[in-house]
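Q: have a look at this prediction, sequence included:
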Amino acid sequence: MSSSHDKLSDDKLTSQIMICSIIAAFGGLMFGYDIGISEKFFPKAYVRKHKAKENNYCKYDNQMLRLFGRKLTMRLASLFFFIGVVLNAAAIDLPMLIIGRLFLGAGVGFGNQAVPLFISEIAPPKYRGGLNILFQMLVTIGILCANMVNYATSKMHPNGWRVSLDGAAFPTIFLGLGSLLIVETPTSLIESGQKEQGKKTLIKIRGVNDVEKECQEILRATQLAQQIKHPFKNLMEKSSRPQLICGTILQIFQQFTGINVVMFYAPVLLQTMGLGGDASLLSAIVTGSVNVISTLIAILGVDRFGRGGLLVEVAAQMVIAQCISGGIPAVHLKSTNVIPKHYARIVVVSICVFVMGFAWSWGPLGWLIPSEIYSLEIRTAGFFFTVSMNMICTFIIAQAFRTMLCHMRSGIFFFAIWIVVMGTFAYVFLPETKGIPIDEMNERVWKKHWLWKRLQQ
(Lines give C-alpha, C1' and ligand atoms only; values in the text may rest on other atoms or scores of the structure.)
Protein backbone atom coordinates (compact mmCIF):
# COMPACT_ATOMS: atom_id res chain seq x y z
CA MET A 1 0.00 0.00 0.00
CA SER A 2 1.58 3.26 -1.08
CA SER A 3 0.51 6.80 -0.38
CA SER A 4 1.94 10.27 -0.20
CA HIS A 5 1.76 9.88 3.57
CA ASP A 6 3.92 6.77 3.43
CA LYS A 7 6.46 8.41 1.13
CA LEU A 8 6.57 11.60 3.14
CA SER A 9 6.97 9.80 6.44
CA ASP A 10 9.54 7.35 5.11
CA ASP A 11 11.81 9.87 3.43
CA LYS A 12 11.98 12.74 5.89
CA LEU A 13 13.90 12.57 9.15
CA THR A 14 14.21 16.20 10.24
CA SER A 15 16.39 17.78 12.89
CA GLN A 16 13.23 18.81 14.75
CA ILE A 17 12.19 15.16 15.12
CA MET A 18 15.69 14.18 16.26
CA ILE A 19 15.88 16.98 18.86
CA CYS A 20 12.41 16.25 20.24
CA SER A 21 13.10 12.51 20.39
CA ILE A 22 16.45 12.94 22.18
CA ILE A 23 15.05 15.38 24.74
CA ALA A 24 12.02 13.17 25.42
CA ALA A 25 14.24 10.11 25.72
CA PHE A 26 15.83 11.66 28.82
CA GLY A 27 12.81 10.22 30.60
CA GLY A 28 14.61 6.92 30.00
CA LEU A 29 17.77 8.28 31.65
CA MET A 30 15.66 9.07 34.71
CA PHE A 31 14.28 5.53 34.74
CA GLY A 32 17.67 3.90 34.18
CA TYR A 33 19.42 5.88 36.91
CA ASP A 34 16.55 5.00 39.24
CA ILE A 35 17.12 1.29 38.51
CA GLY A 36 20.87 1.60 39.01
CA ILE A 37 20.68 3.22 42.44
CA SER A 38 17.75 1.18 43.76
CA GLU A 39 19.94 -0.73 46.19
CA LYS A 40 20.89 2.47 48.01
CA PHE A 41 17.32 3.47 48.73
CA PHE A 42 17.62 1.25 51.79
CA PRO A 43 20.84 2.04 53.70
CA LYS A 44 20.32 -0.85 56.12
CA ALA A 45 20.47 -3.32 53.26
CA TYR A 46 23.44 -1.46 51.79
CA VAL A 47 25.36 -1.72 55.06
CA ARG A 48 24.30 -5.32 55.46
CA LYS A 49 25.90 -6.16 52.12
CA HIS A 50 29.33 -5.57 53.62
CA LYS A 51 28.93 -8.02 56.50
CA ALA A 52 31.09 -11.12 56.35
CA LYS A 53 30.64 -14.72 57.49
CA GLU A 54 27.02 -15.06 56.41
CA ASN A 55 25.34 -17.54 54.10
CA ASN A 56 26.36 -16.66 50.53
CA TYR A 57 22.81 -16.88 49.31
CA CYS A 58 20.91 -15.34 52.27
CA LYS A 59 22.91 -12.34 53.46
CA TYR A 60 20.99 -9.93 51.21
CA ASP A 61 17.47 -11.02 52.13
CA ASN A 62 15.64 -7.93 53.48
CA GLN A 63 11.91 -7.29 52.83
CA MET A 64 11.94 -3.61 53.93
CA LEU A 65 13.39 -2.90 51.01
CA ARG A 66 -5.08 11.26 27.77
CA LEU A 67 -5.58 13.95 30.08
CA PHE A 68 -2.63 16.32 29.84
CA GLY A 69 -1.03 15.46 26.51
CA ARG A 70 2.42 13.95 26.09
CA LYS A 71 4.40 17.15 26.65
CA LEU A 72 2.73 18.22 29.91
CA THR A 73 2.87 14.66 31.20
CA MET A 74 6.66 14.73 30.75
CA ARG A 75 6.81 17.98 32.74
CA LEU A 76 4.83 16.35 35.55
CA ALA A 77 7.19 13.38 35.42
CA SER A 78 10.22 15.60 35.94
CA LEU A 79 8.47 17.51 38.75
CA PHE A 80 7.47 14.39 40.69
CA PHE A 81 10.89 12.83 40.19
CA PHE A 82 12.70 15.99 41.35
CA ILE A 83 10.61 16.12 44.53
CA GLY A 84 11.52 12.48 45.14
CA VAL A 85 15.23 13.19 44.63
CA VAL A 86 15.15 16.03 47.17
CA LEU A 87 13.26 13.98 49.75
CA ASN A 88 15.52 10.94 49.38
CA ALA A 89 18.78 12.87 49.43
CA ALA A 90 17.68 14.74 52.56
CA ALA A 91 16.04 11.74 54.26
CA ILE A 92 16.52 11.50 58.01
CA ASP A 93 14.43 8.38 58.57
CA LEU A 94 12.83 5.46 56.73
CA PRO A 95 9.35 7.04 56.30
CA MET A 96 10.88 10.08 54.58
CA LEU A 97 12.86 7.76 52.33
CA ILE A 98 9.72 5.82 51.41
CA ILE A 99 7.70 8.99 50.70
CA GLY A 100 10.49 10.20 48.43
CA ARG A 101 10.49 6.82 46.73
CA LEU A 102 6.76 7.17 46.05
CA PHE A 103 7.39 10.47 44.28
CA LEU A 104 10.20 8.90 42.28
CA GLY A 105 7.85 6.09 41.30
CA ALA A 106 5.22 8.61 40.18
CA GLY A 107 7.83 10.42 38.10
CA VAL A 108 9.02 7.22 36.46
CA GLY A 109 5.43 6.14 35.80
CA PHE A 110 4.47 9.43 34.15
CA GLY A 111 7.67 9.45 32.09
CA ASN A 112 7.35 5.84 30.95
CA GLN A 113 3.74 6.49 29.95
CA ALA A 114 4.46 9.64 27.91
CA VAL A 115 7.87 9.25 26.27
CA PRO A 116 7.44 6.11 24.09
CA LEU A 117 4.04 7.33 22.87
CA PHE A 118 5.43 10.81 22.17
CA ILE A 119 8.26 9.45 20.04
CA SER A 120 6.05 6.95 18.19
CA GLU A 121 3.53 9.68 17.34
CA ILE A 122 6.05 12.14 15.88
CA ALA A 123 8.40 9.65 14.18
CA PRO A 124 8.17 8.69 10.47
CA PRO A 125 7.27 4.98 10.15
CA LYS A 126 10.58 4.14 8.47
CA TYR A 127 12.58 5.41 11.46
CA ARG A 128 10.07 4.89 14.26
CA GLY A 129 11.79 1.82 15.70
CA GLY A 130 15.24 3.37 15.97
CA LEU A 131 13.95 6.67 17.35
CA ASN A 132 11.76 4.96 19.93
CA ILE A 133 14.68 2.85 21.11
CA LEU A 134 16.44 6.09 22.08
CA PHE A 135 14.29 5.79 25.21
CA GLN A 136 15.78 2.39 26.03
CA MET A 137 19.22 3.68 25.06
CA LEU A 138 18.96 6.39 27.70
CA VAL A 139 17.69 3.78 30.19
CA THR A 140 20.89 1.79 29.68
CA ILE A 141 23.04 4.93 29.95
CA GLY A 142 21.23 5.81 33.18
CA ILE A 143 21.97 2.37 34.62
CA LEU A 144 25.63 2.67 33.60
CA CYS A 145 25.94 6.14 35.13
CA ALA A 146 24.36 4.91 38.35
CA ASN A 147 26.80 1.98 38.50
CA MET A 148 29.72 4.36 38.00
CA VAL A 149 28.43 6.71 40.70
CA ASN A 150 27.88 3.76 43.04
CA TYR A 151 31.46 2.65 42.44
CA ALA A 152 32.81 6.16 43.05
CA THR A 153 30.81 6.62 46.26
CA SER A 154 31.28 3.12 47.69
CA LYS A 155 34.01 4.37 50.07
CA MET A 156 32.20 7.57 51.05
CA HIS A 157 30.83 6.52 54.43
CA PRO A 158 28.34 7.26 55.82
CA ASN A 159 26.74 9.50 53.17
CA GLY A 160 27.83 7.98 49.87
CA TRP A 161 24.28 6.79 49.23
CA ARG A 162 23.05 10.39 49.46
CA VAL A 163 25.49 11.46 46.76
CA SER A 164 24.24 8.65 44.52
CA LEU A 165 20.66 9.79 44.98
CA ASP A 166 21.59 13.42 44.29
CA GLY A 167 22.83 12.41 40.84
CA ALA A 168 19.27 11.64 39.76
CA ALA A 169 18.60 15.39 39.68
CA PHE A 170 20.53 15.85 36.39
CA PRO A 171 18.24 13.91 34.01
CA THR A 172 15.22 15.27 35.88
CA ILE A 173 16.22 18.89 35.35
CA PHE A 174 17.18 18.25 31.73
CA LEU A 175 13.82 16.64 30.93
CA GLY A 176 11.93 19.40 32.74
CA LEU A 177 13.71 22.21 30.88
CA GLY A 178 13.73 20.28 27.60
CA SER A 179 9.97 19.73 27.77
CA LEU A 180 9.59 23.52 27.54
CA LEU A 181 11.33 23.47 24.16
CA ILE A 182 9.85 20.47 22.37
CA VAL A 183 6.59 20.48 20.44
CA GLU A 184 3.42 18.68 21.43
CA THR A 185 2.58 15.80 19.11
CA PRO A 186 0.22 16.68 16.23
CA THR A 187 -2.04 13.83 17.35
CA SER A 188 -2.42 15.25 20.87
CA LEU A 189 -3.08 18.76 19.51
CA ILE A 190 -5.69 17.64 17.01
CA GLU A 191 -7.27 15.34 19.58
CA SER A 192 -7.68 18.33 21.92
CA GLY A 193 -9.39 20.40 19.19
CA GLN A 194 -6.35 22.45 18.06
CA LYS A 195 -6.45 21.39 14.42
CA GLU A 196 -4.58 24.39 12.97
CA GLN A 197 -1.87 24.20 15.63
CA GLY A 198 -1.58 20.48 15.00
CA LYS A 199 -1.15 21.10 11.28
CA LYS A 200 1.52 23.75 11.91
CA THR A 201 3.37 21.35 14.19
CA LEU A 202 3.15 18.62 11.56
CA ILE A 203 4.67 20.98 8.98
CA LYS A 204 7.43 21.85 11.45
CA ILE A 205 8.45 18.29 12.30
CA ARG A 206 8.06 16.92 8.74
CA GLY A 207 9.99 19.78 7.16
CA VAL A 208 7.54 20.16 4.23
CA ASN A 209 4.35 22.14 3.62
CA ASP A 210 2.31 19.35 2.01
CA VAL A 211 1.00 17.51 5.08
CA GLU A 212 -2.71 17.65 4.29
CA LYS A 213 -3.11 13.91 3.73
CA GLU A 214 -1.37 12.96 6.96
CA CYS A 215 -3.30 15.65 8.83
CA GLN A 216 -6.58 14.26 7.53
CA GLU A 217 -5.62 10.74 8.57
CA ILE A 218 -4.87 11.95 12.09
CA LEU A 219 -8.14 13.89 12.10
CA ARG A 220 -10.12 10.80 11.10
CA ALA A 221 -8.40 8.80 13.83
CA THR A 222 -9.17 11.44 16.46
CA GLN A 223 -12.81 11.66 15.39
CA LEU A 224 -13.11 7.92 15.83
CA ALA A 225 -11.36 8.16 19.20
CA GLN A 226 -13.72 10.91 20.38
CA GLN A 227 -16.67 8.61 19.78
CA ILE A 228 -15.28 6.36 22.49
CA LYS A 229 -16.48 7.75 25.81
CA HIS A 230 -14.94 5.02 27.96
CA PRO A 231 -11.57 3.95 26.45
CA PHE A 232 -10.80 1.49 29.26
CA LYS A 233 -14.14 -0.23 28.67
CA ASN A 234 -13.49 -0.27 24.93
CA LEU A 235 -10.06 -1.74 25.57
CA MET A 236 -11.75 -4.80 27.06
CA GLU A 237 -13.84 -5.45 23.96
CA LYS A 238 -13.13 -8.41 21.72
CA SER A 239 -11.64 -6.31 18.89
CA SER A 240 -9.08 -4.72 21.22
CA ARG A 241 -8.04 -7.95 22.88
CA PRO A 242 -5.08 -8.74 20.57
CA GLN A 243 -3.38 -5.40 21.27
CA LEU A 244 -4.06 -5.65 25.01
CA ILE A 245 -2.72 -9.19 25.22
CA CYS A 246 0.42 -8.47 23.22
CA GLY A 247 1.07 -5.06 24.82
CA THR A 248 0.87 -6.34 28.39
CA ILE A 249 2.42 -9.77 27.96
CA LEU A 250 5.51 -8.23 26.35
CA GLN A 251 6.14 -6.33 29.58
CA ILE A 252 5.63 -9.47 31.66
CA PHE A 253 8.09 -11.29 29.41
CA GLN A 254 10.53 -8.38 29.47
CA GLN A 255 10.76 -8.45 33.25
CA PHE A 256 10.72 -12.24 33.57
CA THR A 257 13.81 -12.53 31.41
CA GLY A 258 15.51 -11.87 34.74
CA ILE A 259 17.11 -8.64 33.51
CA ASN A 260 16.34 -6.72 36.68
CA VAL A 261 17.93 -9.48 38.73
CA VAL A 262 21.11 -8.60 36.84
CA MET A 263 20.69 -4.81 36.69
CA PHE A 264 19.40 -4.36 40.26
CA TYR A 265 21.74 -6.82 41.89
CA ALA A 266 24.74 -7.41 39.63
CA PRO A 267 27.10 -6.30 42.44
CA VAL A 268 25.26 -8.57 44.89
CA LEU A 269 25.48 -11.58 42.59
CA LEU A 270 29.14 -11.06 41.78
CA GLN A 271 30.16 -10.32 45.36
CA THR A 272 28.35 -13.50 46.40
CA MET A 273 30.68 -15.39 44.05
CA GLY A 274 33.74 -13.94 45.73
CA LEU A 275 34.82 -11.04 43.51
CA GLY A 276 34.83 -8.62 46.44
CA GLY A 277 32.92 -5.37 46.87
CA ASP A 278 34.95 -3.15 44.53
CA ALA A 279 35.42 -5.83 41.88
CA SER A 280 31.71 -6.63 41.87
CA LEU A 281 30.79 -2.97 41.40
CA LEU A 282 33.39 -2.67 38.64
CA SER A 283 31.97 -5.75 36.94
CA ALA A 284 28.54 -4.11 37.09
CA ILE A 285 30.03 -1.17 35.20
CA VAL A 286 31.30 -3.59 32.55
CA THR A 287 27.86 -5.17 32.12
CA GLY A 288 26.32 -1.70 32.01
CA SER A 289 28.71 -0.69 29.22
CA VAL A 290 27.77 -3.81 27.27
CA ASN A 291 24.12 -2.84 27.75
CA VAL A 292 24.66 0.61 26.23
CA ILE A 293 26.73 -0.60 23.27
CA SER A 294 24.32 -3.42 22.45
CA THR A 295 21.34 -1.07 22.47
CA LEU A 296 23.02 0.77 19.61
CA ILE A 297 22.67 -2.45 17.59
CA ALA A 298 18.93 -2.36 18.22
CA ILE A 299 18.71 1.26 17.05
CA LEU A 300 20.54 0.42 13.82
CA GLY A 301 18.86 -2.93 13.17
CA VAL A 302 15.23 -2.77 14.31
CA ASP A 303 13.93 -0.92 11.25
CA ARG A 304 15.99 -3.12 8.96
CA PHE A 305 15.47 -6.62 10.38
CA GLY A 306 12.08 -6.12 12.00
CA ARG A 307 10.82 -6.75 15.53
CA GLY A 308 10.00 -10.45 15.52
CA GLY A 309 13.33 -11.65 14.12
CA LEU A 310 15.30 -9.95 16.88
CA LEU A 311 13.05 -11.36 19.62
CA VAL A 312 13.27 -14.94 18.39
CA GLU A 313 17.04 -14.91 17.64
CA VAL A 314 17.92 -13.66 21.08
CA ALA A 315 15.85 -16.26 22.94
CA ALA A 316 18.42 -19.01 22.36
CA GLN A 317 21.32 -16.69 23.23
CA MET A 318 19.76 -15.64 26.54
CA VAL A 319 18.81 -19.19 27.55
CA ILE A 320 22.38 -20.45 27.06
CA ALA A 321 23.82 -17.46 28.96
CA GLN A 322 21.47 -17.94 31.90
CA CYS A 323 22.14 -21.68 32.12
CA ILE A 324 25.88 -20.93 32.42
CA SER A 325 25.26 -18.14 34.95
CA GLY A 326 23.19 -20.49 37.11
CA GLY A 327 25.09 -23.71 36.42
CA ILE A 328 28.51 -22.60 37.66
CA PRO A 329 27.26 -21.46 41.09
CA ALA A 330 25.13 -24.62 41.35
CA VAL A 331 28.28 -26.75 41.07
CA HIS A 332 30.93 -24.62 42.75
CA LEU A 333 29.24 -22.18 45.17
CA LYS A 334 28.17 -23.56 48.53
CA SER A 335 26.76 -21.72 51.52
CA THR A 336 30.01 -20.23 52.83
CA ASN A 337 32.78 -20.80 50.28
CA VAL A 338 34.20 -18.61 47.51
CA ILE A 339 34.31 -20.00 43.97
CA PRO A 340 37.59 -19.84 41.99
CA LYS A 341 38.18 -16.52 40.24
CA HIS A 342 38.25 -18.01 36.74
CA TYR A 343 34.76 -19.43 37.23
CA ALA A 344 33.55 -16.05 38.50
CA ARG A 345 34.98 -14.44 35.35
CA ILE A 346 33.10 -16.93 33.17
CA VAL A 347 29.92 -15.94 34.98
CA VAL A 348 30.68 -12.26 34.26
CA VAL A 349 31.13 -13.07 30.55
CA SER A 350 27.89 -15.06 30.42
CA ILE A 351 26.05 -12.22 32.14
CA CYS A 352 27.43 -9.84 29.50
CA VAL A 353 26.19 -12.16 26.73
CA PHE A 354 22.77 -12.23 28.40
CA VAL A 355 22.67 -8.44 28.76
CA MET A 356 23.82 -8.06 25.15
CA GLY A 357 20.88 -10.11 23.90
CA PHE A 358 18.37 -8.32 26.09
CA ALA A 359 19.67 -4.91 25.00
CA TRP A 360 19.01 -5.46 21.31
CA SER A 361 15.71 -7.29 21.70
CA TRP A 362 13.38 -7.64 24.67
CA GLY A 363 14.62 -4.49 26.38
CA PRO A 364 13.84 -1.87 23.72
CA LEU A 365 11.15 -3.83 21.88
CA GLY A 366 9.17 -4.31 25.08
CA TRP A 367 8.55 -0.55 24.95
CA LEU A 368 8.55 0.00 21.19
CA ILE A 369 5.93 -2.56 20.14
CA PRO A 370 3.25 -1.56 22.71
CA SER A 371 3.74 2.11 21.79
CA GLU A 372 2.86 1.45 18.14
CA ILE A 373 0.18 -1.27 18.13
CA TYR A 374 -2.79 0.48 19.76
CA SER A 375 -5.30 2.48 17.71
CA LEU A 376 -5.74 6.09 18.85
CA GLU A 377 -9.05 5.58 20.68
CA ILE A 378 -7.43 3.08 23.09
CA ARG A 379 -3.78 4.13 22.82
CA THR A 380 -3.42 5.96 26.13
CA ALA A 381 -5.50 3.39 28.03
CA GLY A 382 -3.65 0.50 26.43
CA PHE A 383 -0.22 1.92 27.12
CA PHE A 384 -1.30 2.60 30.70
CA PHE A 385 -1.69 -1.16 31.10
CA THR A 386 1.73 -1.66 29.50
CA VAL A 387 3.48 0.71 31.91
CA SER A 388 1.53 -0.59 34.91
CA MET A 389 2.46 -4.17 34.08
CA ASN A 390 6.12 -3.15 33.86
CA MET A 391 5.99 -1.46 37.27
CA ILE A 392 4.14 -4.38 38.89
CA CYS A 393 6.56 -6.99 37.55
CA THR A 394 9.57 -4.83 38.44
CA PHE A 395 8.25 -4.49 41.99
CA ILE A 396 7.59 -8.22 42.35
CA ILE A 397 11.05 -9.23 41.16
CA ALA A 398 12.85 -6.50 43.13
CA GLN A 399 11.10 -7.50 46.35
CA ALA A 400 11.28 -11.25 45.84
CA PHE A 401 14.79 -11.67 44.46
CA ARG A 402 16.77 -11.53 47.70
CA THR A 403 14.53 -14.12 49.34
CA MET A 404 14.51 -16.24 46.17
CA LEU A 405 18.32 -16.12 46.04
CA CYS A 406 18.43 -17.30 49.65
CA HIS A 407 16.00 -20.20 49.26
CA MET A 408 16.46 -21.23 45.61
CA ARG A 409 20.20 -20.49 45.39
CA SER A 410 21.45 -20.91 41.83
CA GLY A 411 18.00 -22.15 40.85
CA ILE A 412 17.12 -18.47 40.66
CA PHE A 413 18.00 -18.72 36.98
CA PHE A 414 14.71 -20.50 36.37
CA PHE A 415 14.06 -17.36 34.28
CA ALA A 416 15.59 -19.36 31.40
CA ILE A 417 12.34 -21.33 31.21
CA TRP A 418 10.44 -18.10 30.68
CA ILE A 419 12.71 -17.14 27.79
CA VAL A 420 11.80 -20.35 25.93
CA VAL A 421 8.11 -19.45 26.34
CA MET A 422 8.81 -15.88 25.22
CA GLY A 423 10.61 -16.89 22.05
CA THR A 424 7.77 -19.25 21.14
CA PHE A 425 5.17 -16.53 21.70
CA ALA A 426 7.08 -14.03 19.56
CA TYR A 427 7.42 -16.51 16.71
CA VAL A 428 3.82 -17.75 16.70
CA PHE A 429 1.62 -14.92 17.96
CA LEU A 430 3.36 -11.55 17.55
CA PRO A 431 2.74 -9.78 14.21
CA GLU A 432 5.42 -7.70 12.48
CA THR A 433 4.91 -3.92 12.73
CA LYS A 434 8.04 -2.64 10.97
CA GLY A 435 7.42 0.37 8.72
CA ILE A 436 3.64 0.51 9.17
CA PRO A 437 2.04 3.88 10.16
CA ILE A 438 0.56 3.55 13.65
CA ASP A 439 -2.88 4.71 12.49
CA GLU A 440 -3.00 1.83 9.96
CA MET A 441 -2.11 -1.01 12.34
CA ASN A 442 -5.63 -2.41 12.57
CA GLU A 443 -6.09 -2.75 8.83
CA ARG A 444 -2.59 -3.85 7.88
CA VAL A 445 -1.55 -5.92 10.90
CA TRP A 446 -4.28 -7.22 13.18
CA LYS A 447 -6.88 -7.95 10.49
CA LYS A 448 -4.33 -9.98 8.52
CA HIS A 449 -2.78 -12.03 11.33
CA TRP A 450 -3.68 -15.73 11.19
CA LEU A 451 -5.05 -15.76 14.77
CA TRP A 452 -5.90 -12.19 15.78
CA LYS A 453 -7.99 -11.50 12.66
CA ARG A 454 -10.66 -13.76 14.15
CA LEU A 455 -11.21 -11.19 16.90
CA GLN A 456 -11.38 -8.25 14.48
CA GLN A 457 -14.61 -9.29 12.77
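A: Perfect, I can see it now. Numbers count the residues shown, from 1 in each chain.
Q: alpha carbons only for contacts and neighbour counts from here, please
A: Noted.
Q: which of the residues in stretch 449-457 are classified as buried?
A: Of the residues in stretch 449-457, those buried by neighbour count under the rule 16 or more other Cα atoms under 10 Å are 452, 453, 456.
Q: dump those residues into JSON lines; add pLDDT as well.
A: As requested, the buried residues of stretch 449-457 are exported to JSON lines (pLDDT from 0 to 100):
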{"residue": "452", "pLDDT": "94"}
{"residue": "453", "pLDDT": "91"}
{"residue": "456", "pLDDT": "77"}
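Q: dump these to CSV, plus secondary structure and distance to residue 101.
A: Output for the buried residues of stretch 449-457, formatted as CSV (DSSP: H, G, I helix; E, B strand; the rest coil; distance: Cα to Cα, whole Å):
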residue, secondary structure, distance to residue 101
452, helix, 40
453, helix, 43
456, coil, 42
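Q: any chance of those in JSON lines with distance to residue 370 as columns?
A: Below are these laid out as JSON lines (distance: Cα to Cα, whole Å):
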{"residue": "452", "distance to residue 370": "16"}
{"residue": "453", "distance to residue 370": "18"}
{"residue": "456", "distance to residue 370": "18"}
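Q: apart from its neighbours in sequence, what residue is nearest residue 444?
A: Beyond its immediate neighbours in the sequence, the residue positioned closest to residue 444 (Cα to Cα, 6 or more residues apart in numbering) is residue 436, lying 7.7 Å away.
Q: shouldn't that neighbour be in contact with residue 123?
A: No. With the criterion set as Cα atoms under 8 Å, residue 436 and residue 123 do not qualify as a contacting pair; they are 11.5 Å apart.
Q: neighbour-wise, which of these two wins?
A: residue 123 (29 against 20; other Cα atoms under 10 Å).
Q: model confidence at that one, what's the number?
A: According to the model's per-residue confidence, residue 123 sits at a pLDDT of 92.
Q: dihedrals phi and psi, it?
A: The phi/psi pair for residue 123 (degrees, to the nearest 10) reads phi -80, psi 140.
Q: distance of it from residue 343?
A: 46 Å (Cα to Cα, to the nearest Å).
Q: likewise residue 317?
A: According to Cα to Cα, residue 317 stands 20 Å off from residue 343.
Q: re the thing from before, where does the residue nearest to residue 444 land in three-state SS?
A: Judged by DSSP: H, G, I helix; E, B strand; the rest coil, the three-state class of residue 436 is coil.
Q: identify the residues contacting residue 217.
A: For residue 217, the contacting residues are residue 439, by Cα atoms under 8 Å, 6 or more residues apart in numbering.
Q: which parts of the helix or strand harbouring it are buried?
A: Residue 217 belongs to helix 212-226 when assigned by DSSP states H and E. Going by neighbour count (16+ other Cα under 10 Å), the buried part of helix 212-226 is 214, 215, 218, 219, 221, 222, 225.
Q: again, but for stretch 94-101
A: With burial defined by 16+ other Cα under 10 Å, the residues of stretch 94-101 counted as buried are 96, 97, 98, 99, 100, 101.
Q: which helices and strands does the helix or strand hosting the first one pack with?
A: So that's residue 96. For residue 96, the element it lies in under DSSP H and E is helix 94-122. With contacts defined as 3 or more Cα pairs under 8 Å, 6 or more residues apart in numbering; DSSP states H and E, helix 94-122 has these neighbours: helix 15-36, helix 69-89, helix 128-153, helix 186-191, helix 362-373, helix 376-408.
Q: quick revisit: OK, contacts around the residue nearest to residue 444?
A: 125, 126, 444.
Q: mind listing what the closest residue to the first one other than its chain neighbours touches?
A: Which is residue 125. Excluding the flanking residues, the one nearest residue 125 by Cα to Cα, 6+ apart is residue 435, at 4.8 Å. Taking Cα under 8 Å, 6+ apart, we find residue 435 in contact with 125, 126, 127, 128, 303.
Q: now residue 435, what are its backbone angles?
A: As for residue 435, its main-chain torsions (degrees, to the nearest 10) stand at phi 70, psi 10.
Q: state the pLDDT value of it.
A: pLDDT for residue 435: 90.
Q: and the helix holding residue 96, what's buried?
A: Of the residues in helix 94-122, those buried by neighbour count under the rule 16+ other Cα under 10 Å are 96-122.
Q: I'd say residue 447 and residue 456 touch.
A: Yes. Proximity of residue 447 to residue 456 meets the contact threshold set by Cα under 8 Å, at 6.0 Å.
Q: run through the stretch 251-400 of the chain and note the low-pLDDT ranges.
A: Under the criterion of pLDDT under 70, the regions of the stretch 251-400 of the chain flagged as low confidence span 263-281, 283, 334-338.
Q: do you have the helices of it handy? List them.
A: 259-272, 277-305, 307-332, 341-359, 362-373, 376-408 (DSSP state H, counting those that start in this stretch).
Q: could those helices go into TSV alongside mean neighbour count?
A: Listed next are the helices of the stretch 251-400 of the chain as TSV, based on neighbours: other Cα atoms under 10 Å:
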stretch	mean neighbour count
helix 259-272	23
helix 277-305	21
helix 307-332	19
helix 341-359	21
helix 362-373	26
helix 376-408	20
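Q: including distance to residue 135, could these go into JSON lines?
A: Formatted as JSON lines, the helices of the stretch 251-400 of the chain follow (distance: least, Cα to Cα, whole Å):
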{"stretch": "helix 259-272", "distance to residue 135": "17"}
{"stretch": "helix 277-305", "distance to residue 135": "10"}
{"stretch": "helix 307-332", "distance to residue 135": "16"}
{"stretch": "helix 341-359", "distance to residue 135": "12"}
{"stretch": "helix 362-373", "distance to residue 135": "8"}
{"stretch": "helix 376-408", "distance to residue 135": "14"}
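Q: so for residue 191, which of those sits nearest?
A: Comparing these by their distance to residue 191 (Cα to Cα), the top pick is helix 376-408, with 9.4 Å.
Q: list the helices and strands the closest one packs on?
A: In terms of contacts (3+ Cα pairs under 8 Å, 6+ apart), helix 376-408 is packed against helix 94-122, helix 212-226, helix 231-235, helix 241-255, helix 259-272, helix 362-373.
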